[in-house]
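Chemist: below: sequence and its predicted model.
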Amino acid sequence: MLRPFVPMVFCTSCAQQQDDAQKFCRFCGERLPGPALMQQLRDEAANIQATKTGQASQTQQANLATLKAIELARQQGFNGQS
Ligand SMILES: [Zn+2]
């Protein structure tokens, strides 16, 4: 990240990007979620992101462990043959 988090919200009606502070869409006039709701949504998104990252690293660790086990089995197999 080259710059701090830039608040972003999209209109639920026309999907145009909005400024956080706005209460109504400047394109279609649809009511936009307030800062408190946006903060809540961001916290949830951050939690989901953290969970996804954790799952990804766990999967990678599992894959690495599987690879090691395969390598070990191959080495033992080769040793047993010779
Ligand atoms: Zn809109």
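Modeler: That came in fine, so what should we check first? Numbers count the residues shown, from 1 in each chain.

Chemist: any idea of the mean pLDDT in stretch 43-51?
Modeler: Mean pLDDT, stretch 43-51: 82.

Chemist: one more: stretch 59-72?
Modeler: Throughout stretch 59-72, pLDDT has a mean value of 80.

Chemist: do the same with stretch 18-37
Modeler: Mean per-residue pLDDT for stretch 18-37: 79.

Chemist: which parts of the chain are strands?
Modeler: Secondary structure of the chain (DSSP state E): strands located at 9-10, 17-18.

Chemist: partner strands of the first one and their direction?
Modeler: The partner list of strand 9-10 in its sheet, established with DSSP bridges, is strand 17-18 (antiparallel).

Chemist: hmm, the partner strand touching the ion?
Modeler: No: shown here: strand 17-18 not in contact with the ion (Cβ under 5 Å from the ion), separated by at least 7.4 Å. C-beta coordinates here come from the backbone N, C-alpha and C atoms, glycine included.
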